[in-house]
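K.L.:
Give me a model of this one.
(2 chains)
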There are 2 protein chains.
Amino acid sequence: MAPLKNRQWLLAARPQGMVKESDFRWHETTVDAPAEGQLLVRNLALSFDPTQRGWMSRDTYVPAVPLGQVMRAGAVAQVVESRLEGFAPGDLVQGVFGWEDYTRTDGRGRFGLRKLAPGTDPLLALSLLGLTGLTAYFGTLEIGRPRPGESFVVSGAAGATGSVAGMIAKLKGCRVVGIAGGQAKCDWLISEAGFDLAIDYKREDVGQALSRHCPDGINVYFDNVGGAILDLALERLAPAARVVLCGAISQYNEPAGPAARPPRNYFYLIWRGARMEGFLVTQFAARFPEALADLSAWHSQGRLKNRIDLQHGLENAPRTLIRLFTGDNFGKQLLKLADPR
Amino acid sequence: MAPLKNRQWLLAARPQGMVKESDFRWHETTVDAPAEGQLLVRNLALSFDPTQRGWMSRDTYVPAVPLGQVMRAGAVAQVVESRLEGFAPGDLVQGVFGWEDYTRTDGRGRFGLRKLAPGTDPLLALSLLGLTGLTAYFGTLEIGRPRPGESFVVSGAAGATGSVAGMIAKLKGCRVVGIAGGQAKCDWLISEAGFDLAIDYKREDVGQALSRHCPDGINVYFDNVGGAILDLALERLAPAARVVLCGAISQYNEPAGPAARPPRNYFYLIWRGARMEGFLVTQFAARFPEALADLSAWHSQGRLKNRIDLQHGLENAPRTLIRLFTGDNFGKQLLKLADPR
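P.N.:
Residues are numbered from 1 along each chain as shown, chains lettered A, B, ... in the order given. Sure, this is the predicted structure:
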């Protein structure tokens, strides 16, 4: 087989402040055949996640993407050639690959490699039935532990994780309040996602609205944004409240990252006997099958909506990532590269 | 009975920065007989606790002490006259009273009133077998949940709560590292309190020492000091670590309180799948009897040392409080006013 042409986006610079298209460099090359123990896969769809901003800047829970290397991304791909036992051409696989047409992988490393059932919808596998849905599932149920009748507040509520977190809390009998930016998102939270209340942070005083909507305090706060809104929530925690630390998208483009605006009101954790807990979804890997069974069942029953914000074409990868940080995305941000064969 | 002369320290000003003697005003008055449902008690010994700095400044988990009123303090006292059922003259009682010779109380309110067995040592009841020991007990066992072989780090380690927390963790089989100020305190931690290692924050680079003493990360960090040391610990958490928020004495004299220097490294809670949890010891009130039984047994067996820093005379109350914030205290800070009759 002649070498395949491979288009790539390389990381050209550690971003200063807001991520820019010029932080990436377009590169055209060819891809070699897989070595023993490797797969050659064609990327079908790419996932865009706030955590990628950290991968561009610094070592965190994983090493930073090296400068000059392909930008790292969650993806669903199709096996082109296999020298890895258990995989055959045509298989659909999910893993952390990159912004490129083709990737060679041995499936090792923190994120592993998952074979998908034939016919799996790549977009669903990268959203509700992938790490995004799993993050919402374990963050809500294992870290937040909501109980019926409790007030559950989620920020970034129209985002991929936040919307699912709120819908799961609703399934568990909570009064669910979402914080999102703009009327369209807030309307969708109420009419489609079934939230009880929505706060438009672009238009409303979030602190006053939280006090009004949660007069007895917040029992669970699921945080996707960090910064000032985290502080407003901490100040309004109910006794024995749980703060689920999932992300801090408002801070990722600060030079110091989330350290730029730490939670000034952390002492409310003492005054309210409350808990703030972080997690990486991979710590629950052993329980992914049961979680995916639940998510899949709730989705088929229409109790969980899966909203996808789909862009097209590898050339648009940087612009698609930027949508996450401008708040332009509405639902899970994905980029489609190709259809399965 | 002729009215008794009552000497008092009133709160004269909300402190600006470091608490000063001039934030209090000496006042001499008389005390009336108790009304129906009240006790008149004579204060025998006063407890000095970092949380009193908050009481002076602002509403927190309890309202601030009103200006012009007696400074609030934990105390052991003896009943002089009782119009409250179940109490008789001569009974020893423990509660939150004030910086004065005599207090009238109905025993209600957040802190309640506890009758002590005849012959109880007031100093022991205000230290290891009081709220201080209980705070260390529940903070360590219920919030920190140390397991044998884990690395347990405690700041303010030569203080009343920190020393007991470390000793309890040691009883539970942890490797215990204490952070304290000065050679004398560090020596005591090793030779008397049985800690494995001590870090002198006045002389050592705390971050480097923590990295050296906990090469696999910190499993439990019991925080009494807040500020920069909290950040150094967060940066070194092991996966699934627990941070016990007990206090932030390094910050209490800042104009903004603990909000002045919030934990910049809170994102390590995500990267390490870790938990930071606060508590008020009163939330465990129903379990005080079992805890006191444990603390008392461990103390009799010589497995818990009770170090007291005892000052004398009501006139020294402001100076005694200041000792907590200069780090001059060594062990539980108490002030003796009188012997039981």
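K.L.:
interface residues of the stretch 151-300 of chain A facing chain B?
P.N.:
A:239-240, A:245-248, A:256-259, A:262-280, A:283 (Cβ under 8 Å from any Cβ of the partner chain). Quick note: C-beta positions are derived from backbone N, CA and C, even for glycine.
K.L.:
Which of those are buried, as a PyMOL select command?
P.N.:
Buried residues among those (16 or more other Cβ atoms under 10 Å in any protein chain shown), as a PyMOL selection:
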select buried, chain A and resi 245+246+247+248+257+258+259+262+263+264+265+266+267+268+269+270+271+272+273+274+275+276+277+278+279+280
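K.L.:
Run through the residues that contact residue A:319.
P.N.:
Neighbour list for residue A:319: A:21, A:311 [criterion: Cβ atoms under 8 Å, 6 or more residues apart in numbering or on different chains].
K.L.:
Let me see the ranges of the helices in the stretch 51-200 of chain A.
P.N.:
A:51-57, A:122-125, A:131-138, A:160-171, A:183-191 (DSSP state H, counting those that start in this stretch).
K.L.:
Could you pull up the mean pLDDT of the longest one?
P.N.:
Looking back up the chat, that one is helix A:160-171. Within the predicted structure, the mean pLDDT of helix A:160-171 is 97.
K.L.:
Just the angle for it relative to helix A:131-138, thanks.
P.N.:
40 degrees (axes from the mean of the first three to the mean of the last three Cα atoms, to 10 degrees).
K.L.:
Break chain A down into its structural domains.
P.N.:
Here the domain parsing of chain A from automatic domain parsing is A:4-125+A:307-336, A:131-282.
K.L.:
Compare the helices of the stretch 51-200 of chain A and report which one is nearest to residue A:78.
P.N.:
Nearest to residue A:78 among the helices of the stretch 51-200 of chain A is helix A:122-125 (8.8 Å), distances taken as Cβ to Cβ.
K.L.:
for the closest one, packing partners?
P.N.:
Helix A:122-125 makes packing contacts with strand A:39-47, strand A:92-98 when contacts are defined by 3 or more Cβ pairs under 8 Å, 6 or more residues apart in numbering or on different chains; DSSP states H and E.
K.L.:
mind checking which of those strands is nearest residue A:159?
P.N.:
Using Cβ to Cβ, the helices and strands packed on helix A:122-125 put strand A:39-47 closest to residue A:159, at 12.9 Å.
K.L.:
Each with direction, which strands does that closest one pair with?
P.N.:
Note on strand A:39-47: by DSSP bridges, its sheet partners are strand A:72-82 (antiparallel), strand A:102-105 (antiparallel), strand A:332-336 (antiparallel).
K.L.:
export the last one as PDB, just CAs?
P.N.:
Output in PDB follows, covering the C-alpha atoms of strand A:332-336 (Å, rounded to 0.1, in the frame of the first residue of the first chain):
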ATOM      1  CA  LYS A 332     -21.200  18.800  22.900                       C
ATOM      2  CA  GLN A 333     -18.600  20.300  20.500                       C
ATOM      3  CA  LEU A 334     -17.600  17.800  17.800                       C
ATOM      4  CA  LEU A 335     -15.900  18.000  14.500                       C
ATOM      5  CA  LYS A 336     -16.700  15.400  11.800                       C
END
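K.L.:
which non-adjacent residue is nearest residue A:148?
P.N.:
Nearest non-adjacent residue to residue A:148, counting by Cβ to Cβ, 6 or more residues apart in numbering or on different chains: residue A:173, 3.2 Å away.
K.L.:
any low-confidence regions in the stretch 201-341 of chain A?
P.N.:
Judged by pLDDT under 70, the stretch 201-341 of chain A has no weakly predicted residues.
K.L.:
no no, the stretch 1-150 of chain A
P.N.:
A:1.
K.L.:
Up against chain B, what does it have?
P.N.:
Contact residues (Cβ under 8 Å from any Cβ) of the stretch 1-150 of chain A with chain B: A:60-61.
K.L.:
try 10 Å
P.N.:
A:51, A:54, A:59-62, A:143 (Cβ under 10 Å from any Cβ of the partner chain).
K.L.:
hmm, which of these are the buried ones?
P.N.:
Using 16+ other Cβ under 10 Å, the buried members of the residues of the stretch 1-150 of chain A next to chain B are A:51, A:54, A:60-62, A:143.
K.L.:
circling back: from the residues of the stretch 1-150 of chain A next to chain B, pick the one nearest chain B.
P.N.:
residue A:61 (4.2 Å; Cβ to the nearest Cβ).
K.L.:
wait, doesn't that closest one sit right on residue B:270?
P.N.:
Yes. Between residue A:61 and residue B:270 there is a contact under Cβ atoms under 10 Å: 7.6 Å.
K.L.:
okay, and the common contacts of the two?
P.N.:
A:51, A:54, A:278, A:280 (Cβ atoms under 10 Å, 6 or more residues apart in numbering or on different chains).
K.L.:
want to try JSON lines for those residues, with distance to residue A:149 as columns?
P.N.:
JSON lines is the format used below for the shared contacts of residue A:61 and residue B:270 (distance: Cβ to Cβ, whole Å):
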{"residue": "A:51", "distance to residue A:149": "33"}
{"residue": "A:54", "distance to residue A:149": "36"}
{"residue": "A:278", "distance to residue A:149": "26"}
{"residue": "A:280", "distance to residue A:149": "30"}
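K.L.:
Farthest-apart pair in these, please.
P.N.:
The widest separation within the shared contacts of residue A:61 and residue B:270 (Cβ to Cβ) is 13.2 Å, between A:54 and A:278.
K.L.:
Tell me which residues touch the nearest residue to residue A:68 once chain neighbours are set aside, please.
P.N.:
Leaving aside its chain neighbours, residue A:68 sits nearest to residue A:10 (5.8 Å; criterion: Cβ to Cβ, 6+ apart). Counting by Cβ under 10 Å, 6+ apart, residue A:10 makes contact with A:24-27, A:29, A:65-71, A:98-100.
K.L.:
swap in residue A:328?
P.N.:
Contacts of residue A:328 (Cβ under 10 Å, 6+ apart): A:181, A:309, A:319-320, A:322.
K.L.:
Same check on residue A:272?
P.N.:
By Cβ under 10 Å, 6+ apart, the neighbours of residue A:272 are A:217-218, A:234-241, B:61, B:278-280, B:283.
K.L.:
Who does the nearest residue to it once chain neighbours are set aside form a beta bridge with?
P.N.:
Distances taken as Cβ to Cβ, 6+ apart put residue A:237 closest to residue A:272, at 4.5 Å, once the chain neighbours are dropped. Judged by DSSP bridges, the bridge partners of residue A:237 are residue A:218.
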